[in-house]
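[1] Need coordinates for the below:
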Amino acid sequence: MPSIPEPDAATAETGAGHDFVVVASRLPVDRIEEPDGGTSWRPSPGGLVTALEPVMREAGGAWIGWSGDAGPEPGPFEANGLDLVGMGLSADEVRDFYEGFCNATLWPLYHDVIAPPQFHRHWWDAYVAVNRRFAQAAATHAARGATVWVHDYQLQLVPQMLRQQRADVRIGFFNHIPFPGYEIFAQLPWRRQVVEGLLGADLLGFQRRADAANFLRACRRATGLTTKGSTVRVSGPAGPRDVHAAAFPISIDSAGLSQIAQREDVRKRAREIREVLGQPEIVLLGVDRLDYTKGILHRLKAYGELLNEGRLGPPQAVLVQVASPSRERVEAYRALRDEVELTVSRINGEHAEVGSTPIHYLHQSYPREEMAALYLAADVMLVTPLRDGMNLVAKEYVACRNDESGALVLSEFTGAADELGGAFLVNPHDIEGLKDTIVRATAVSPAEARRRMRSMRRRVREHDVARWAQTFLSTLNGDAGPDAHAGHEAAADPDGGTSPDGHASTSSDAPLGPGAAAY
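    All right, here's what the predicted structure looks like:
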C-alpha cells in the first residue's frame, strides 16, 4: 500500500509569515451574503471555535480554515480582530472530502462504528488533495521556525505533508474526537497513510489517555514502529526524531461563561424560561448537535419509559431538548432527525396535558447568553453520548452554576467523565440504569448537589481553555516534556505493557453499534 503522495515540488518561502499558525478544517467565522451583494463575517458556533478563539486573540498569529460553503477561497483577510486565511472547496470536494470521507468514513469509524462507515477510494483521493492544499497554505503563512498547530480528524495528513515542505517548523496536532482501538481502526483501508500523516507532528494531543494509547498501538500495528512510553521514534531525511503522544483534555473559557451567567438579564431570562415551562419542580435539559453519537434517542427512550411508569412527568418534570442542526446534507443525519422528531411527537402525544408538555424540542442553535440562561434554568443536565471525545456542554453547564446547585448526568463514554467526578456517571446503552440515574439526580439533596457541583466547578475553573492551550504549546515548544504534566502522559497498551487507566486501551470491549444497546 503506497504512502501519502509527495507534495508538489514548489515550496513556500520561509522568511516571512506568522510565528504561530492554527490550521483547522473551519474558520472561526461564517460568511454572510449581504442584501447589497457584499460579504461580511460573523463568529461561528462550535466547540473548537469556542476553545481556540480566546487563545488566538492572546497569542496572535493566523488561522487557516475553510469558510464552510462551496466556492473559491477567500484568501487572507481580517475579521473580528483575527488574521484569517480562507480555504476554498469545490462542490465536488464538499461532497467527497467533507460529507464523504470526513463525515461518512472517519466520523463513524472513530466513534466505535455506532453507524457503519463507508470506504470509497475517490473520497480518499479528495481527502489527500484537500489535506495537501491545507499543508501548502500552512507552509506559505508560517514564518521560519514557526509553531503550527493542526486540528482534528479532517486534517490528519497535514503534519507529514507540511514537514516534507518545512522541516524548520514545530508541528503540533490535536485530535478532538476519540481515537479508536486498533481492531476498529484497522478497518480503514488507508490506516498506514493516516498514521504516517499524524507522525509528521512533533506532539500529538488526545482527549483521553486511552486515545493516546490506542494511537501508539496503531503505530506498532500499522507501521511496525517501536514505541517507548509515550514516544514513537520515526526516521526522516534529517535522521531519527521522537514523536510524543499524550492526553491534553480540552476545556472552555470557564470564567467568561461564568460571568455571562451572573448577568441580571441572563438570570431574568432563566426565570422566564421556567415560567414559560409552567414552573415545574424539575427541569431536565439536553443540549446536543443532532448527531447519532450523542445518544439522543436513548435519552428519549429512557425518559419516555419514566413517563410510562409514572416516576417522572408533567407537571412535576419537563425535558427541554436542544438539538442543533448538523450536517443536514448527510443522509444518516436526515434520518436521525426524522426519528428523533417522530419519537418526541409520540411521547408528547401520549403524555401531554392541556397546558403541559413533557418534552420541549428545539431544533435550533442559540447564542451563548440564551444557552447560559437554559443552563441556569435546568435542575438536571443530561449529557449522555454513546461516544464523545470530550463534550464541552458538560463543562459549560458546570461553569454556569455559580450558586453550586444543579446535577449533571454524564455518560462514562465522554472525555469529561475522566475529569468531572461529581457527575452522576451512566452507561447510556443501559436504559434501566439511565432511568435510575436520572431519577437519582432529580432527587439529590441540596447538600450533596452542592458538594458534587463544588468539586466540578473547581476542576473546570482551574483547568480552563487557557491552561489547556498553554500546556500543549509549552510541551510542543520544549518548555516541558509531556510526562512533566500530571495526567498528560500516555503509557503503552496491553500489546507492550500496561494501559494508563488500568483498562484495556483498545475499544474492543466498547459497544460496536446500536445493536449492543438495550434500546
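
[2] Helix, strand, or coil at Ser365?
    On the three-state scheme (DSSP: H, G, I helix; E, B strand; the rest coil), Ser365 is labelled coil.

[3] So what's the residue count around it?
    For Ser365, the neighbour count with other C-beta atoms under 10 Å is 16. From N, CA and C alone the C-beta is placed, and that goes for glycine too.

[4] correct me, but it touches Ser326?
    No. Assessed by C-beta atoms under 8 Å, Ser365 is found out of contact with Ser326, at 9.5 Å.

[5] what about stretch 39-47, average pLDDT?
    Average pLDDT, stretch 39-47: 68.

[6] meant to ask about stretch 345-358, not that
    What stretch 345-358 shows for mean pLDDT is 92.

[7] now do the same end-to-end measure for that stretch.
    Distance across stretch 345-358, first residue to last, is 10 Å (C-alpha to C-alpha, to the nearest Å).

[8] quick one: contacts of it?
    With contact meaning C-beta atoms under 8 Å, 6 or more residues apart in numbering, stretch 345-358 is reached by Gly278, Leu300, Tyr303, Gly304, Leu307, Gly313, Pro314, Pro315, Ala317, Val318, Leu319, Ile359.

[9] What of stretch 235-242?
    Contacts of stretch 235-242 (C-beta under 8 Å, 6+ apart): Arg163, Ala167, Asp202, Thr231, Val232, Arg233, Val234.

[10] ok, Asn308 to Lys435 distance?
    From Asn308 across to Lys435, the span is 10 Å (C-beta to C-beta, to the nearest Å).

[11] Have a look at these two and say which one is more surrounded.
    Under the criterion of other C-beta under 10 Å, the comparison of Asn308 against Lys435 puts Lys435 first, with 20 against 12.

[12] The more buried one belongs to a helix, doesn't it?
    Yes. Under three-state DSSP, Lys435 sits within a helix.

[13] which ones are touching the nearest residue to it once chain neighbours are set aside?
    Nearest non-adjacent residue to Lys435, counting by C-beta to C-beta, 6 or more residues apart in numbering: Ala302, 4.8 Å away. By C-beta under 8 Å, 6+ apart, the contact set of Ala302 is Ile431, Leu434, Lys435, Ile438.

[14] Quick one: mean pLDDT over stretch 69-85.
    Throughout stretch 69-85, pLDDT has a mean value of 88.

[15] hmm, back to that, with secondary structure, neighbour count and distance to Glu196 added, can I get the contacts of stretch 345-358 in CSV?
    Formatted as CSV, the contacts of stretch 345-358 follow (DSSP: H, G, I helix; E, B strand; the rest coil; neighbours: other C-beta atoms under 10 Å; distance: C-beta to C-beta, whole Å):
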residue, secondary structure, neighbour count, distance to Glu196
Gly278, coil, 12, 58
Leu300, helix, 21, 42
Tyr303, helix, 26, 45
Gly304, helix, 22, 47
Leu307, helix, 20, 52
Gly313, coil, 21, 54
Pro314, coil, 20, 56
Pro315, coil, 15, 59
Ala317, strand, 22, 52
Val318, strand, 25, 51
Leu319, strand, 31, 46
Ile359, strand, 22, 47
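
[16] next one: phi and psi at the residue of the chain most remote from its centre?
    Distance to the chain centre peaks in the chain at Val354, reaching 39.3 Å (criterion: C-alpha atoms, centre = their mean). For Val354, the backbone dihedrals are phi -60, psi 120 (criterion: degrees, to the nearest 10).
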